[in-house]
Structures are given as structure tokens and as C-alpha cells.
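Engineer: coordinates only, no sequence provided:
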């Protein structure tokens, strides 16, 4: 098990050598590798009742915190910093959190990865947008930000894909935003 | 085939004898026999965007006529006279008409029957609310009028039931309003 | 960027592994002042026993009937109050066990989604994982399909049996052994409807002619005896709503015209108690009536909550209403009128010591109020539910 | 009413027959001046060939993905314009034959609705009855699932073959013999995506590095040959949108930054033609860009319609837009700017001599305009569709 991962890391390292720095390597991966959730458009989010704008009582989802020290903002809003490349229903509104799946769903292993800046420490983090699969549409908190989205011929940069792949079911439920590590600091290291 | 229908009509005639007139017999049947569509509440129709109120461009369903001479009003509206005991999606908005099912669906043989007054001739007609079955929710033109509705222990007066029974599929799609005959004239006859 | 293009050319395995490798790289070098690296693949779990501030909202999703669900909310929590969901489609019925960590959905599906072979089943879900753990077949294609009534699926015999209402249009009740996961009996309830548990193993049904039919079951689940009571209501003049609210084994049935018919279902023979009115003369003049879908709720403290509307008429009994009236079931006296923030369609009251009043409003969101003073507390919306017709408080 | 109660007590058969008898009674005595008695059990049919004023709106129903559909509208008709619907769920793909009375849906379902065994299939529906007539299995659990692109399901070889795009995430294309109802071949298109028919039996796919991959098929459906062209676009700097619009065998691909890349797909070897810009200097200053979902449409008269928005930025390419710009593909000149009544998400143009511009607006209703002068004519709403992302004009 470890041996093939080691080999893989070796290969990855060779690729890194071609990039000018760790940071640009990760940034490249962020926009290119492994596509995130399953889609919707900005107008979709607007049609969903202005979600993404003001949080709170009017939209029927109470403000939350991430529960992580130094991680500001509301994970039920599209504006939350980890959501810089988010696309789908926010698992924080569906019985999960920004980093965990709701009960009864399964996290997809293939993801789209973004690089988002945390306004609290002004550092860039690698965020992995893993879909939660196995139940139909959660429906709540549809969020879409297309900054690094590319058409399906750049498959792992495309968020129009149902990324419930490699799971026991392809039913799409919601999407997480998991911190994989820090980007800027590694580039500087 | 005809013989059992004849026997049945004989039975029905015996029952009619107990009622004071043909009209009250039919009216009794109208409220009691064979329940119509599958449900929704008035608030449902309201939530659907004020449908049931003004017809026309605002709600996204164009005005129609019944296509039948002497049959006034718009069969895509809840206010249409045949809909006095309607409950469900109006088939006129779904690829059918007030008396026919949309392509690919099957009309349920069991129905709820109402007695509605045609404002054009001021006569009461027996209207049969047959569901169209075999495709999921049409979605358009939800209409509910509960005048003669009773709880499920009066099974054939209850419109909360999915009346897609006796069809090859129980999937509910929309509801028709078919004229079975005239009520007042027969009572007078 | 040359690198990017090369990467995209890789085959599936390499791409997948590249992702895994990135994960390891990132995980290997966390700086202490940074946000912690988080594990991939974590799924939430719920406790095996659910708090008494939770409700189970049955979203029939009428606009997409094949995609309904039950959503579990903690109505007391300021946030993180959406706990999870389970599938419950095609006019499903729902009930939760209070003695086992299980919830039950009686539902219908087709082998090819919208066509093919019909399957009626009870799907058993685990309360902790919200995952299906068993499927009990209900053969015969006769499961009763309604907009949703609590009394189409009930628990009997200390929750060891499930009773399922069938309507084809023959009215019968199937008895299911919960532990054995199979049907053990079936009773005809022709001319009557629904399941109201009474005594240990019995249930009663309401009948068209204003009587009740009592079905006594043997230990095997077979019908031991059936009898009809004398008439105690008139379905033409003042029908009982089909869904009562319960305090212990006392059932309170509202009527279309504003009466309450209490039935004592604690014994094997139900007792019809004295009917009383929700209305005073002024109320009657303004034609206040109960109306909506799930129009009554109750709390063990003896409080009865009824969704009311003025200017009632023949056919207004499903229109919902702007107020919830609170009564003391001992005295029959009204003790409060809660004017709702948004017109209500269905109501429920949580079972804890500090109860919450939960209201499906006419935009099909859920409003949460303090059941005591009627103060609006919060709303659940943003497409979390689309048509939550029936609300089940966790007992 | 004694009669009523007796009736309700009848068994199923008698009740059913009573209904039939009532029907006969009523039918037997029509008075001549009355409205005519109407038959029970009539289902509408459609013509086997559909008029060129019809469109097929693919409603992905994102809020209930297992309950999507395709709704057929006659956009020219004042009323009775909803013609019917077919099921198309779980990220389905859709295409209609122009030579057979058939429409095709590539879709996915599970044996127990939301769980159990996955089945990928092409469901064949009859145009006249809108009923399923055949199901073609797509084994391997690899059908590509997307918000909906036209180019995941295409017809080849004079419409005798269907080509289905797979993504697992291995990218392949399955070739299906329409008449035989079975798969006859499969081609890997690794590093590339989608199906753009070219010549008789060939198709091309767009690739990450800015080239196209051409797959030539033998008469058996097997891969005869594959080759890549030189790069003709840059996916980093100015990506081609994945969904072109067609005039005959000419494909017009808009780019994120407002260019049009025409490709001649009439021959077995696609030809890359000269790229031209939708923008003049003033447009560029205001940062007008194409954007939305199905952002381009065309008419055989040589008119190209593109959905445009000002103030574009990286990430605005799906935001939809307030205007549809009309171009002459011969000269590359803009001939009209249609300011939409409601912001658009997707657009389509009907294929008849008097074309209509159909727009999915940002409330997910359909607005119908005169494609010539841009005049708004009508809207289809009231929940007839919930999320019609892709519109297919009847050809």
C-alpha cells in the first residue's frame, strides 16, 4: 500500500520540479486536478431565494461558525472563505459540516481542489471539495462559484460533472470543503 | 360483459328507489362514490404562485377554452366550472385536456364524482375526476377545491388518496374533469 | 502550463493516485500556527436515542413525488439544527420506534424508477447512521397511498409489531413482526379506515357510518375478534378529522365544526368520552374552525394545540389558519391564542419539558415557536424541505 | 343518509361496477341541448413527426435529481402548448431522432429507487405515444453524469447509431446500434471529452491541450483509427465552451472571452476555420462576454444567437446574461441585440422558417421571443418545468 503511494509521490515530485515553486505547483493542481461538486449556476443560487447574499433568519438557515479556531465566517453561506471554488449544496446545511458528510452518505474520494485564502491568517489553504453521495439532492444552501471552472475536456477542473464517482452510489447529496493543508507556507518552505 | 353491467344497473336502480329523486341520488353519489385526485391544500396552490387567481401571462399558462361549445371558462384555472370538486394538477396544463390524459399516461377507472353547475346553461352536470397515471408529478396548475371532501373513512369522498388505482402504475401525474351526464335534467325527467 | 496538460493526459489510476499523494504531501507538513489538516471521508453519526427537541418532518415533495424524504431537525438548536434525512417517497408513511434505534418508512418503488415492477416495502433505517438496515416486503401491491397520515403506519404490541394500512380500494391492515421482519397477519377493515392502536395488541378504525371498528389481535398476529361500536359521530354533519393528537393513550379528534372528541385508547376496548367544543359564542359567530393538514398537537402537560381559521365554510377544512389555540384538556378551557407569524398548514409540539410549537407554514417552511408563550424563534427554509405535510415529534 | 352508508359498505367489485353503471345511466339519457357526455379513458397522442415550432426542454430538476424530465412545448401556439413529458432523471442525456419516430434518454436508475443495483440504460420513447418502447442496457456503471450537455448523447451514421459518453473517470464513447438496440463498439477518448459527429460515422472530441481527437469508426462500430489534430485553442487562456451550436454540419463554438471558433464537421476529417470575435472595441471595454449554460443557438438562415453579459470576469462564464446578440455567420457582423425581458441562462432557436428564440430565464421559466425582432411573446411557468437547463429545438 505505502509502496505505490511512495512511487506516486516520487512521480509527483518530478512534476513539481517542472513548476517554478511549490506554491505554483499546488495552485496548478488546485485549478486542474480532480473536479469538485456537481454544478449549478449562479442564477440557480439566486433563484433559490437570494441565498449567498445575506445569511440568517430570512433565508431560513441560522448563522453557524466552522467550530475551528482561526477559521472565520459562516459555512452555511456561499461567501465562506473555504467556498472559493464550491459548487453544490453545502453539507453544513444538510446534517454534515464543512468537512464531514451528513449521516447515511458517503464521501467521494475524487475531488476538485481549490486554493482559498483564509482572511483570519491571510494564508492560502488547499481545499478539497468532496461530494457526499448516496442520498438524493439535499436541496438546501445551493452555492456556486466558478472561478477556476473549465469545460469537461479539462475533466478535473470541471464542476458540471457529478463527482459521485468511486462511491457505492452516484446519487449526489451535498458537497464539503475540507482543508488538505496550507499552500503558501509550503511554497515558502 | 353487458350482463353484469345490467345486473349492476339493476342494483343501482334499487338503490335509487331509496333516494327521493334521481337528482339526489346522483348528488349522493357525487359526494360519496369514488374519490378524485390526490390532494393538495389550498395553501399549496397559493405557494405555487397565486395560481387559481388570475389566469394569463403572469403565471405562465396561457388562457384556454374547453373547445366545447356552451362550456365557458378556462380549463387551466382552478375557477373553471367543472373543477368544483377538483384536486390535483390540471391535465389541461400537462398535455391533456379537461377530459383527456396527456400522452403516455393512463386514466384511472376509479374516480370521485362531483356535481358542478355550468354557468352557461345553469344546469348541473355530473363531473368525474379521473386521475392520469404512469408518469410522476406534472407540476403545473395545482388546484384544490375541498367542498365535498371527507376523511378517508369515507373513502370514496376523500381526495387525499392517490386514486391511481386499477391502473398499471400508481404514479400520479394529473387529474381530468370529464362530463358524465346532466344531473338536473335527469332528475326532472 | 505544460505540467497541467501532461497531468490531464494521465490515465485514471495515476490521476487518482496523484490526488492521494497530494493529500499526503499536504498532511505531512502542517505548520503549528496554521489551521489543522482535516481527514477525508468522515461521515456524521447521530445518537441512537434522539433528544426530545427533535422533530421528523415528512416532506412529501408533491411536485416530485418520487423524491420525497423525512428530514430530522433539532428545533431547539440555534444552528446545526438540520440533523439528516432519509428517503421516503411515492406517498410514503413514516413512524419511529421509541424502544429500538430504528425508524420505519412504508413506501413504494418501481424496478425501473417510473415503470417496471411495483414494490411495496417497509424500509428500516438505523437512527444512528440514517442508513437502511432492512427491507420488509409488503406483497400484493395494495399499500394505501395518501398525502400522508400518521395513522397509515402504527406500532402495536409494545412496538414489536408494525401495522400497515392498505387500500386497493379494499381496506385492510397488515401486521408485521418488527424483529422477524415479516408479515404475520392481515385484517379486513372494510368500510372503515386507518389504524388507531388501543390496549396492548388491538387497534380501532373509524368507519363511514360514524362508528368505530375494533380489531383484536391474537398473540400470533391473527385476527382474534372484530366488533363495531354504536355510532358516536356523524360524518355528514360534523366529520372527525382522521388524524388525532395523543396524550399518552388518550386520543383527541378535532371535528370539522370545532369540537373535540376524546377517545380513551388505553384499554383493549376503546372508550368514547364526552365531546366538548373549542368555540365560545363569539368564536361561533366569526365562524372559527379547525383546518389545515395536521391540525392538532398536544403535550403531556395536558395542553392541546389546534390550528384555527375564521370565516369557515364547507371545504375550508384544509385551508390552514392564522392562529393556534391552546386548550387545557382537563377543563376544556382555552388558555392561549398564538397568532402565527406565517399562516400554518400543519402543527406539532415537541415532547420535552420545555415544548416547542413547530408549524409548517404556507410557504412550506418550518416556523418554530415557544409553545408556552407563542413567541416565534426561528425558521427552517432555503429548500431544506419542499412540502413537509406531517411532523413527528421525537417521543 | 342511509343509502350512502350502505354504498360505502359494499365490497370493491360492487363499488367499481356502481361507477361503471352510473356512467352508463348518465350516457344513456343525454338531452340534446346539454353538453355532450364524454368518454372515459381517452389519452392524447402526438403526431409521429413533430412540427418545427416545438422544443424539448430538458428539466434536470436539480432539487430532486431522481425526478427529472423532458417537457415538449409548442412555442408558437397561443395555448395548449404543453404537449407532454417523458421521464429523464439522475443527470440524464437526451436526443431525438429525425428519421425515426423515436426519442432517446440515456439515464441511470437504481433497483430500489435510491439504492440497490445501478442500471445505466438508453430508454427509447415513441414520439406519438410518449411511452417507452425499448430499453438498451449500458453495462459497466460508467455513463457520464453531467448537469446536461447535448454532446454526451449524439446520433451517428445517418442516425443508425447512438454514441454515449462515459466518464468513470475514464473517458470513453459507447456506440449503440439503434435498430438492434445494443452496443456494438467502444472507443477510449482519454484526456478528451464529448461527442461531436463529423462526416458519416466519425466523431471528434475536444481535448485538454487544445487539440481535437478524431475517432473514425468502421462499419461494424469498432474503432478504425484515431488521430489528434494540432492545437487550435488554449484551454487556459480562452477555453472553448463545450456545447457548440450547429448550422448544418458547421459547428460554432463560443469561447469564454467572446470569440467564435467555427469547425466544419461535414467531412470525415474536421476542418478548423478562422476564428472571429463577437466583440468590438466598445464591447471589450465594457467586458461583454458569452455566459450561461446553453449560451449559443443558430438558425439555418445563417443567424447565430449568443447569450451575453457585461462586466465579465474569471468565473462569470455561467452567470447567464441580459442580452442575446445576433450575428450573421457569413460576415461575422452583429445584426441585432435583443434585450431580454428576464435574464437568460440557456437559449435555443426553433428550426422553422419563422424562428422563435426560447430562453430559460433565471427563475427557470421559459420565455419565448420572436427570433427576428426580439419581441417577447409568452412565458411557460407555473411549475411546468423546474430547471430546464438544456433546450432542444425539433429539427
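Structural biologist: Great, that's in hand. For clarity, every value in this text was computed on a predicted model and none was experimentally measured. Residues are numbered from 1 along each chain as shown, chains lettered A, B, ... in the order given.
Engineer: where in chain A is pLDDT low?
Structural biologist: A:1-57, A:184-189 (pLDDT under 70).
Engineer: do you have the strands of it handy? List them.
Structural biologist: Along chain A, counting by DSSP state E, strands occupy A:87-89, A:106-107, A:112-118, A:123-129, A:131-133, A:142-144, A:172-175, A:178-182.
Engineer: rebuild those strands as a markdown table, extending it with distance to residue C:46 and mean neighbour count.
Structural biologist: Using the backbone N, CA and C atoms, a C-beta is placed for each residue, glycine as well. A markdown table is the format used below for the strands of chain A (distance: least, Cβ to Cβ, whole Å; neighbours: other Cβ atoms under 10 Å in any protein chain shown):
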| stretch | distance to residue C:46 | mean neighbour count |
| --- | --- | --- |
| strand A:87-89 | 19 | 31 |
| strand A:106-107 | 16 | 24 |
| strand A:112-118 | 29 | 23 |
| strand A:123-129 | 24 | 25 |
| strand A:131-133 | 15 | 30 |
| strand A:142-144 | 24 | 27 |
| strand A:172-175 | 16 | 30 |
| strand A:178-182 | 21 | 24 |
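Engineer: looking at the ones you listed, which is closest to chain C?
Structural biologist: Distance to chain C, taken as Cβ to the nearest Cβ, is lowest for strand A:178-182 among the strands of chain A, at 2.6 Å.
Engineer: briefly note if the closest one comes near chain C.
Structural biologist: Yes: counting by Cβ under 8 Å from any Cβ of the partner chain, chain C has neighbours in strand A:178-182: A:178, A:179, A:180, A:181, A:182.
Engineer: next, the angle from that strand to strand A:112-118.
Structural biologist: If you take axes from the mean of the first three to the mean of the last three Cα atoms, to 10 degrees, strand A:178-182 sits at 70 degrees to strand A:112-118.
Engineer: adjacent strands (with direction) for strand A:178-182?
Structural biologist: strand A:123-129 (antiparallel) (DSSP bridges).
Engineer: so what's the residue nearest the centre of chain C bridging to?
Structural biologist: By Cα atoms, centre = their mean, chain C has its centre lying nearest to residue C:392, at 4.0 Å. On the basis of DSSP bridges, residue C:392 takes part in beta bridges with residue C:56.
Engineer: all helices of the chain, in order?
Structural biologist: Going with chain A. A:2-18, A:22-32, A:42-47, A:184-188 (DSSP state H).
Engineer: chain C was what I was after
Structural biologist: Under DSSP H, chain C gives helices at C:2-9, C:12-28, C:281-285.
Engineer: go through those and find the least confident stretch.
Structural biologist: Lowest mean pLDDT within those: helix C:2-9, at a mean of 25.
Engineer: before we move on, the earlier item: among the strands of chain A, which is nearest residue B:167?
Structural biologist: strand A:172-175 (31.6 Å; Cβ to Cβ).
Engineer: what's that closest one in contact with?
Structural biologist: The contact list for strand A:172-175, computed with Cβ atoms under 8 Å, 6 or more residues apart in numbering or on different chains, reads A:36-38, A:86-91, A:93-94, A:96, A:101-102, A:105, A:129-138, A:162-164, D:65.
Engineer: contact partners for the residue of chain C found nearest chain A?
Structural biologist: Nearest residue of chain C to chain A (Cβ to the nearest Cβ) works out as residue C:381 at 2.1 Å. By Cβ under 8 Å, 6+ apart, residue C:381 lies in contact with A:49, A:59, A:60, A:61, C:363, C:365, C:366.
Engineer: residue C:321 against residue C:309, yeah?
Structural biologist: Yes: the pair residue C:321 / residue C:309 is scored as a contact, 3.4 Å apart, by Cβ atoms under 8 Å.
Engineer: can you tell me which residues in the stretch 1-150 of chain C are near chain B?
Structural biologist: Residues of the stretch 1-150 of chain C lying near chain B (Cβ under 8 Å from any Cβ): C:62-66, C:90-91, C:108, C:110, C:114-115, C:118, C:144-147, C:149.
Engineer: thinking again about what came up before, quick check: phi and psi at the residue of chain C closest to chain A.
Structural biologist: phi -140, psi -140 (degrees, to the nearest 10).
Engineer: what distance do you get for it to residue A:175?
Structural biologist: Look at residue C:381 and residue A:175: by Cβ to Cβ, to the nearest Å, they are 20 Å apart.
Engineer: returning to what we had before: which of the contacts of residue C:381 are buried? Put it as a ChimeraX command.
Structural biologist: A single ChimeraX command is used to select the members of those judged buried by 16 or more other Cβ atoms under 10 Å in any protein chain shown:
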select /A:59,60,61 /C:365,366
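Engineer: adding distance to residue C:274, write the contacts of residue C:381 out as a markdown table.
Structural biologist: Formatted as a markdown table, the contacts of residue C:381 follow (distance: Cβ to Cβ, whole Å):
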| residue | distance to residue C:274 |
| --- | --- |
| A:49 | 48 |
| A:59 | 47 |
| A:60 | 42 |
| A:61 | 46 |
| C:363 | 39 |
| C:365 | 38 |
| C:366 | 35 |
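Engineer: ok, which of the contacts of residue C:381 also contact chain B?
Structural biologist: Answer for the contacts of residue C:381 near chain B (Cβ under 8 Å from any Cβ): residue C:363.
Engineer: out of the contacts of residue C:381, flag the one nearest to chain D.
Structural biologist: residue A:49 (11.1 Å).
Engineer: closest to residue D:288 out of the strands of chain A?
Structural biologist: strand A:142-144 (21.4 Å).
Engineer: low-scoring stretches of chain C, by residue?
Structural biologist: In chain C, residues with pLDDT under 70: C:1-32.
Engineer: grab the longest strand from it for me.
Structural biologist: strand C:333-349.
Engineer: so what does that strand touch, helix or strand wise?
Structural biologist: When contacts are defined as 3 or more Cβ pairs under 8 Å, 6 or more residues apart in numbering or on different chains; DSSP states H and E, strand C:333-349 packs onto strand C:296-299, strand C:303-309, strand C:321-328, strand C:356-361, strand C:366-370, strand C:388-393.
Engineer: thinking again about what came up before, looking at residue C:321 and residue C:309, which one has more neighbours?
Structural biologist: When residue C:321 and residue C:309 are compared for neighbours, residue C:321 comes out ahead with 26 against 21, by other Cβ atoms under 10 Å in any protein chain shown.
Engineer: in contact with residue C:43, which residues?
Structural biologist: Contact analysis of residue C:43 by Cβ under 8 Å, 6+ apart lists A:96, A:100, A:101, A:102, A:103, A:104, A:105, A:106, A:107, A:132.
Engineer: tell me what it is bridged to.
Structural biologist: Beta-bridge partners of residue C:43, as defined by DSSP bridges: residue A:101.
Engineer: measure it to chain D for me?
Structural biologist: Separation of residue C:43 from chain D (Cβ to the nearest Cβ, to the nearest Å): 16 Å.
Engineer: and if you look at residue C:252?
Structural biologist: 25 Å.
Engineer: how about residue C:199?
Structural biologist: 26 Å.
Engineer: list the contacts of that residue.
Structural biologist: Counted by Cβ under 8 Å, 6+ apart, residue C:199 has contacts C:265, C:266, C:267, C:268, C:269.
Engineer: pretty sure the first one sits against residue C:250.
Structural biologist: Yes: with contact defined as Cβ under 8 Å, residue C:265 counts as touching residue C:250 (7.1 Å).
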